[in-house]
Each structure stands twice: as structure tokens, then as C-alpha cells.
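Student: Sequence first, predicted coordinates after that:
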Amino acid sequence: MSRNNSDSNERLSIVRSPQERKEILRKIINEAESLQDMITDNTIQSLEVCMEQTDTINSETTLEEKLHNQDEILMDSEMMSISSKVLKQCTRHLTNYVSSYNHVEFAQKLVKHLRQLSNVQSETPDWSVLERKAIKCFKRTPHYSTLSGTLAPLEKKEINKRKSVVRDVQAQIRKPENITTVDKEEDGPERTVKMKQFITRYCKTHRKPLDFFKLVLHPSDFGKTIENILQISFLVRDGRVKITKDASGILLVQPSTKDMMTQVTAGKIPNIQNVIYLNMEQWKMLKDTYRLEKPMIEYDV
């Protein structure tokens, strides 16, 4: 820790001018370029020294100085490019050195080494000489013992099946909680639930109301378009959603707030259900206007 502190103090005490820093960087770059010509065992260490010197100079330069003296930034980037090239040269050199491995030559040297260790001239080498060294290279599987024999089986207990009891009074059928006001005789309450869930999820995700015709329009089925309009009318009647107009007169659909739903349930807000008129020609005009490739909501029921 004391050595690191002393090094940092020495760096802080040294104040070089921009010209001095540039001259040092040029020397470092020239030294790094020379490393590409001759790859040796000390190339990586020499490159590391050059990088440390470059980092030291960068630590002496403030951000404002780097903005005014952009030549240092270019020289620093050039140093990084040269270091990358040197590392590539080292990698190629190492690959060539590894690929020169000859397994036949290695086997001959190994046999010669064994004969020297055993001090016995024989055609068959004594491989037991390498036994101690070879065993250390393999992990031994630990020995363990298991229970001998089996345990006595447990007695089977008789299971008394409960007799099915027919209830005289059936439980009251509950309607879905999300559409408690939808009448039982109305067709497709599941679709109404899915429509309400889709509207709520869309408005919560996109934080804006839905275009009414974009929601109900089915590009290939006129009947499903009419069904979607009916489902919206049921939700409007029950106070689950509300329909408004924007500044350009486009109909928008969005879920009602809890206060509005409470007022509808209490009868404070009039409960009105309207269904717009839509014929085949109008449906085709809407298709051409919105150009939908697929409907916004599909039903599996």
C-alpha cells in the first residue's frame, strides 16, 4: 500500500507540458512499432511497459486539456491500434510454434528419458518409473459403502373410500366477477370479458385510448365486426368502458374509472346502450381507410 501511494504521489508531482507529453507518446509509439518486426519471449512484457507509460500520460491529462489538445487522443488511439497488431503477431507466432509439435518425436524423447531414469538398457522401457507422476494427474474416485440388504417392507394400510354424496341443493352458480352486470341470457359473456381485458391492457400499456373502429374492425369478416360492436355496447351499458370523441371527431374507447363504475351501479349516471348502424359498404370503406392486415383482438370461444 505504501508503494502504491508513493507511485501515485510521484505521478501527481510530475507536471508535463502538452509538448513534452506528445514527444513521450511518439517515443512509445516508435518503440511499440518496433515490437512488430521481432517477436520474442519478452514482447508481451515490453508491450505492457509501453501501455503503462501511455496510461500514466493519460492520467496526467485533464478532460479540458484533451478537448484542446486532440493530438494526444489520436496518438493514444494509434497506440491502441499498434498494441492490437502486436498481440495478433504474438498469437500467430504462438500458433505456428504449437502446430510444429511432432508426436513421434515426443514419444522418442520420452522413451529416451525413461531409459535414462531406469539405468537399464532394454528394448521395452520401464513405464512404472512414471507411475508416481502420472497418478497425480488423475483424480481418484472416493470409496464409499452402501447399506447391505434391504429394509423390511411396510404394511399396506387399507384406504377407506368415501362414498359420493348427492347434494340436494346445488351450489349457486356465480357469474364472472369482471362482468357481474352482464345478464345470463346474453350470448358470449366470455367474449365481453376478453374485450374488457384487452381494452384495459392496451390503455395501460400505451397510456392512450383506443380507436373505436380500429378495435372493432375485422378486415376479413363482416359478421365478427358486428359482434365486436355489440360487445362494446354491452360494456358501455354496464359502465365498464366509455366512448368519447377527440378534437378531430374520431371515436375513442377507454376503460371507466372506479368512481364512474360506482355511480353507474348506484344509478347516478343513466345506463344507456346504443349500437351504431354499419352496413357492408361502410365496412368496406373502413377496411380501405384503416388497411388492417389482421384484427386487433381474436376470440377462441
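Tutor: Nice, thanks for sending it over. Residues are numbered from 1 along each chain as shown.
Student: contacts and neighbour counts: CA atoms only from here.
Tutor: Fine.
Student: any low-confidence regions in the protein?
Tutor: 1-14, 96-101, 119-122, 143-153, 163-188, 268, 270-274, 299-301 (pLDDT under 70).
Student: tell me which element the residue nearest to the spatial centre of it falls in.
Tutor: In the chain, the residue lying closest to the centroid (CA atoms, centre = their mean) is T205, at 20.4 Å. Using DSSP states H and E, T205 maps to helix 189-206.
Student: Please tell me how far the residue nearest to the centre of the chain sits from I199.
Tutor: Computed as CA to CA, to the nearest Å, the T205 to I199 distance reads 10 Å.
Student: now do I29
Tutor: Using CA to CA, I29 is found at 64 Å from I199.
Student: which ones are touching R132?
Tutor: Neighbouring residues of R132 by CA atoms under 8 Å, 6 or more residues apart in numbering: there are none.
Student: Return the distance of the helix or strand hosting it from the chain's centre.
Tutor: Using DSSP H and E, R132 sits in helix 131-135. Centroid separation between helix 131-135 and its chain, computed with CA atoms, centre = their mean, to the nearest Å, is 47 Å.
Student: List the buried residues in it.
Tutor: Residues of helix 131-135 classed as buried: none (neighbour count, 16 or more other CA atoms under 10 Å).
Student: what do you get for stretch 79-87?
Tutor: Buried residues in stretch 79-87, counting neighbours by 16+ other CA under 10 Å, are found at 79-80, 82-83, 85-87.
Student: do stretch 110-124 as well
Tutor: Buried residues in stretch 110-124 (16+ other CA under 10 Å): 111, 114-115.
Student: And for stretch 44-51?
Tutor: Neighbour counts over stretch 44-51 (16+ other CA under 10 Å) mark 44, 47, 50-51 as buried.
Student: Stretch 197-208 now?
Tutor: Here stretch 197-208 shows 199-200, 202 as buried, counting by 16+ other CA under 10 Å.
Student: One more: stretch 252-260?
Tutor: 252-256, 260.
Student: And it, end to end?
Tutor: With CA to CA as the measure, stretch 252-260 spans 17 Å from end to end.
Student: how far is that stretch from where the chain is centred?
Tutor: On CA atoms, centre = their mean, the centre of stretch 252-260 falls 35 Å from the chain's centre.
Student: Could you do stretch 68-78 as well?
Tutor: How far stretch 68-78 lies from its chain's middle: 36 Å, per CA atoms, centre = their mean.
Student: Mind listing residues that contact that stretch?
Tutor: Stretch 68-78 has contacts (CA under 8 Å, 6+ apart) with 18, 21-22, 25-26, 29, 54, 66.
Student: Which helix in the chain has the most residues?
Tutor: Determined from DSSP state H, the single longest helix within the chain is helix 70-99.
Student: Give the next helix or strand downstream of that one.
Tutor: Heading C-terminal from helix 70-99, the first helix or strand you meet, by DSSP H and E, is helix 103-118.
Student: quick one: T244 is in a strand?
Tutor: Yes. Assessed with DSSP: H, G, I helix; E, B strand; the rest coil, T244 lies in a strand.
Student: Is it bridged to anything, and to what?
Tutor: T244 has these beta-bridge partners by DSSP bridges: L252.
Student: K224 contacts H218, correct?
Tutor: Yes. Taking CA atoms under 8 Å as the definition, K224 is a contact partner of H218 at 6.3 Å.
Student: more crowded one of those two?
Tutor: H218 (25 against 17; other CA atoms under 10 Å).
Student: What distance do you get for that one to I229?
Tutor: Taking CA to CA, one finds H218 at 11 Å from I229.
Student: what would the buried residues of stretch 110-124 look like in CSV with distance to R291?
Tutor: CSV is the format used below for the buried residues of stretch 110-124 (distance: CA to CA, whole Å):
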residue, distance to R291
V111, 82
L114, 84
R115, 88
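Student: From E52, how far off is E72?
Tutor: Distance, E72 to E52, using CA to CA: 16 Å.
Student: Also D126?
Tutor: From D126 to E52 the distance is 52 Å (CA to CA).
Student: of those two, who's got more company?
Tutor: Remark: of D126 and E52, D126 carries more neighbours, 15 against 11, as counted by other CA under 10 Å.
Student: so that one sits right up against R115, yeah?
Tutor: Yes. Using CA under 8 Å, D126 makes contact with R115 at a distance of 7.4 Å.
Student: Output stretch 189-207 as CSV, nothing but the C-alphas.
Tutor: Provided in CSV are the C-alpha atoms of stretch 189-207 (Å, rounded to 0.1, in the frame of the first residue of the first chain):
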residue,chain,number,x,y,z
PRO,A,189,-70.1,-13.3,-22.0
GLU,A,190,-66.6,-14.7,-22.4
ARG,A,191,-66.0,-12.5,-25.4
THR,A,192,-67.2,-9.5,-23.4
VAL,A,193,-64.7,-10.3,-20.6
LYS,A,194,-61.8,-10.7,-23.1
MET,A,195,-62.8,-7.4,-24.8
LYS,A,196,-62.7,-5.6,-21.5
GLN,A,197,-59.4,-7.1,-20.5
PHE,A,198,-57.9,-6.2,-23.9
ILE,A,199,-59.0,-2.6,-23.7
THR,A,200,-57.7,-2.2,-20.1
ARG,A,201,-54.3,-3.8,-21.0
TYR,A,202,-53.9,-1.7,-24.2
CYS,A,203,-54.7,1.6,-22.5
LYS,A,204,-52.5,0.8,-19.5
THR,A,205,-49.5,-0.2,-21.8
HIS,A,206,-49.8,2.6,-24.4
ARG,A,207,-51.3,5.2,-22.0
